[in-house]
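> just to be clear, the model below is a prediction. Sequence and coordinates:
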Amino acid sequence: MSVLNIFSKDKKENLNKGLSKTKESVFKKLSRAIVGKTAVDDEVLDNLEEVLISSDVGVNTTIKIIERIESRVRKDKYLGTNELNVILKEEIESLLEENKTTDYKDFTIPEMSNPFVIMVVGVNGVGKTTTIGKLANQFKKAGKKVIIGAADTFRAAAIEQLEIWANKVEVPLIKQKMGSDPASVAYDTLSSAIANKADVVIIDTAGRLHNKVNLMNELTKIKMVMKKVIPDAPHEILLILDGSTGQNAFEQAKQFTLATEVSAIALTKLDGTAKGGVVIGISDQFKIPVKYIGIGEGINDLQVFNKSEFVDSLFL
């Protein structure tokens, strides 16, 4: 992997701003949870559990965090509530570390002879098209030659929206008319990418088919057809989730991981929500790396996920 840039000051400031609603919500609730208390006791831990669950960290992950803090309270005998923020930060960082969450520094692709192929999946409305456009922009800024494939042929709007983004970012878009075979679009896109010596291919797929079997069959067919052009494609299956939906994001992750082999996750719309805790829960529960986070509407407001910087921004 080649690292293109360090995690810059500007990116850090954008991250802080993007997570401000989550931070404000969590610490406001945390302050109420410990008001009048001097030690971390059972009542404080019960209140902390409510804070984490209401911040969409998820029940199972919350229980893990609470158990870790309980263990530290028993070991250290006495912990003051003024230390709770520090302990909570350390335990969340530790949990993400154990889940082998990668600290991404910037937009990277492996060195390979063929184009790096990303197949993008996710339901309609989660910011899939926008994320594809922003991702194409970031790779292009990093000096990569990018091609997008509009393989969500079930909605005319999906093709049109992707075309707007492709024009905005100034990258080629391979498309066919609405109702065309999605696998055919994927085949054409990969063939064009090889012919034009592209570095990165981003393939959009249908946001929703009427049942999981149809979804699984469609995604499997697209993958099989791509392998005819590039045998090890797709190199990444990127699931887009809307962070502002909280627990719905967990359910979508569950359905898509059952339907296909998701290898990375992008969580969008974190700037508009107090539910940023969903990043922690999804990383923990699905053991799939959160690779990108959307923290604003601007074209440059897609960041690689860096667990250390993320947790640091929550606890500044």
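In hand now; what should we look at?
> got the CA positions of stretch 143-155 in PDB?
Output of stretch 143-155 as PDB, limited to C-alpha atoms (Å, rounded to 0.1, in the frame of the first residue of the first chain):
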ATOM      1  CA  GLY A 143      -3.100  11.200  -9.300                       C
ATOM      2  CA  LYS A 144      -5.100   8.100 -10.100                       C
ATOM      3  CA  LYS A 145      -6.900   7.600 -13.400                       C
ATOM      4  CA  VAL A 146     -10.500   6.700 -12.500                       C
ATOM      5  CA  ILE A 147     -13.500   5.200 -14.400                       C
ATOM      6  CA  ILE A 148     -17.000   4.900 -13.000                       C
ATOM      7  CA  GLY A 149     -19.500   2.200 -14.200                       C
ATOM      8  CA  ALA A 150     -23.300   2.900 -13.800                       C
ATOM      9  CA  ALA A 151     -24.500  -0.600 -13.100                       C
ATOM     10  CA  ASP A 152     -27.600   0.400 -11.200                       C
ATOM     11  CA  THR A 153     -29.700   0.200 -14.300                       C
ATOM     12  CA  PHE A 154     -33.000  -0.200 -12.400                       C
ATOM     13  CA  ARG A 155     -33.500   3.500 -11.800                       C
END
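> adjust the sequence numbering to begin at 28 for everything that follows.
Taking 28 as the first residue, the last one we looked at is stretch 170-182.
> in that stretch, what counts as buried?
Going by neighbour count (16 or more other C-beta atoms under 10 Å), the buried part of stretch 170-182 is 171-181. In short, each C-beta sits where N, CA and C put it, glycine included.
> what of stretch 76-87?
Buried, per 16+ other C-beta under 10 Å, within stretch 76-87: 76, 78-85.
> from the residues you listed, which land in strands?
Using DSSP state E, no member of those falls within strands.
> among the residues you listed, which are located in helices?
Counted as lying in helices by DSSP state H, out of the buried residues of stretch 76-87, are 76, 78-81.
> now pLDDT too, for those residues, in CSV please.
Output for these, formatted as CSV (pLDDT from 0 to 100):
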residue, pLDDT
Glu76, 92
Val78, 88
Leu79, 90
Ile80, 89
Ser81, 86
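> what is the lowest-mean-pLDDT helix or strand in the chain packed up against?
Within the chain, no helix or strand scores below helix 47-61, which has a mean of 77 by mean pLDDT, DSSP states H and E. In terms of contacts (3 or more C-beta pairs under 8 Å, 6 or more residues apart in numbering; DSSP states H and E), helix 47-61 is packed against helix 69-81, helix 111-125, helix 334-341.
> pull the distance from the shortest one to the chain's centre.
Computed by C-alpha atoms, centre = their mean, to the nearest Å, the chain-centroid distance of helix 334-341 equals 15 Å.
> the inter-axis angle of that helix versus helix 47-61?
60 degrees (axes from the mean of the first three to the mean of the last three C-alpha atoms, to 10 degrees).
> and the helices in the chain?
36-45, 47-61, 69-81, 86-103, 111-125, 155-168, 183-196, 209-222, 239-256, 274-286, 305-313, 334-341.
> mind putting these in JSON lines, distance to Thr295 included?
Listed next are the helices of the chain as JSON lines, based on distance: least, C-beta to C-beta, whole Å:
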{"stretch": "helix 36-45", "distance to Thr295": "11"}
{"stretch": "helix 47-61", "distance to Thr295": "14"}
{"stretch": "helix 69-81", "distance to Thr295": "21"}
{"stretch": "helix 86-103", "distance to Thr295": "20"}
{"stretch": "helix 111-125", "distance to Thr295": "19"}
{"stretch": "helix 155-168", "distance to Thr295": "6"}
{"stretch": "helix 183-196", "distance to Thr295": "14"}
{"stretch": "helix 209-222", "distance to Thr295": "22"}
{"stretch": "helix 239-256", "distance to Thr295": "20"}
{"stretch": "helix 274-286", "distance to Thr295": "10"}
{"stretch": "helix 305-313", "distance to Thr295": "11"}
{"stretch": "helix 334-341", "distance to Thr295": "15"}
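> about what we covered before: in the least confident helix or strand of the chain, what's buried?
Buried, per 16+ other C-beta under 10 Å, within helix 47-61: 47-50, 52-53, 56-57, 60-61.
> and it with helix 69-81, angle?
Using the same axes, to 10 degrees: helix 47-61 against helix 69-81 is 160 degrees.
> quick one: helix 47-61 to helix 36-45, angle?
Going by the same axes, to 10 degrees, helix 47-61 makes 50 degrees with helix 36-45.
> not counting helix 47-61 itself, show me its contacts.
71, 74-75, 77-78, 81-82, 108, 111-112, 297-304, 340-343 (C-beta atoms under 8 Å, 6 or more residues apart in numbering).
> just the buried subset of the residues you listed, written out for PyMOL, thanks.
To isolate the buried members of those in PyMOL, using 16+ other C-beta under 10 Å:
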select buried, resi 71+74+75+78+81+82+108+111+297+298+299+300+301+302+303+304+340+341
